[in-house]
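Trainee: here is a sequence with its predicted model. Questions after.
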Amino acid sequence: MESNKAQKLVDKILSDLDHAGIIINTVVEDLKNLREFAKKEQNPLAIKVLRLTYEYIEQNETFDINIPDDEPIEDESGETVGLVSEDSDPKESLLYLLSLFKDLTNKNNIIDLKVYRDSLYEELY
């Protein structure tokens, strides 16, 4: 996220998660607010991931989506994709997901956001 306010909100969410864990109402409201910044920045991937994230948390009252593996791979078309690790802690996974929003110019962060997007979409729909 580019704006200072968005960065501060990401930091706030990360701090809240680190200290109190996943408090459903608070984190969902913060993610909805962060999504508004993504809309202003016209970042469709961030918009989608944030929406899917808060919808998943609202529906499941947790975030048991696994963290993407460290090593991205290329699929048959040559596009770089990520793999999902096994049995991630919900709090750690959500912390990692939100940390990706600190630098949306980083290629690996974008790959991991796409993995999260695909995993969330698969779980929700």
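Mentor: Perfect, thanks for sending it.

Trainee: so what's Glu61 up against?
Mentor: Residues near Glu61 by C-beta atoms under 8 Å, 6 or more residues apart in numbering: Ile24. C-betas here are computed from N, CA, C, even on glycine.

Trainee: and it, what are its phi and psi?
Mentor: The phi/psi pair for Glu61 (degrees, to the nearest 10) reads phi 60, psi 30.

Trainee: find me the pLDDT at it, would you?
Mentor: If you check Glu61, the pLDDT there is 96.

Trainee: who are the contact partners of the residue nearest to the spatial centre of the chain?
Mentor: Among the residues of the chain, the one closest to the centroid is Leu97, at 3.6 Å (C-alpha atoms, centre = their mean). Leu97 makes contacts with 49, 53, 63, 65, 112-113, 116, as judged by C-beta under 8 Å, 6+ apart.

Trainee: quick check: the gap between it and Lys39.
Mentor: 18 Å (C-beta to C-beta, to the nearest Å).

Trainee: and the strands in this structure?
Mentor: 73-74, 80-81 (DSSP state E).

Trainee: the first one - what's its average pLDDT?
Mentor: So that's strand 73-74. Here the average pLDDT along strand 73-74 is 54.

Trainee: isn't Leu94 right up against Val27?
Mentor: Yes. Contact status for Leu94 versus Val27: in contact at 7.5 Å, counting by C-beta atoms under 8 Å.

Trainee: and the lowest mean pLDDT element among the helices and strands of the chain?
Mentor: The helix or strand of the chain with the lowest confidence, counting by mean pLDDT, DSSP states H and E, is strand 80-81 at a mean of 49.
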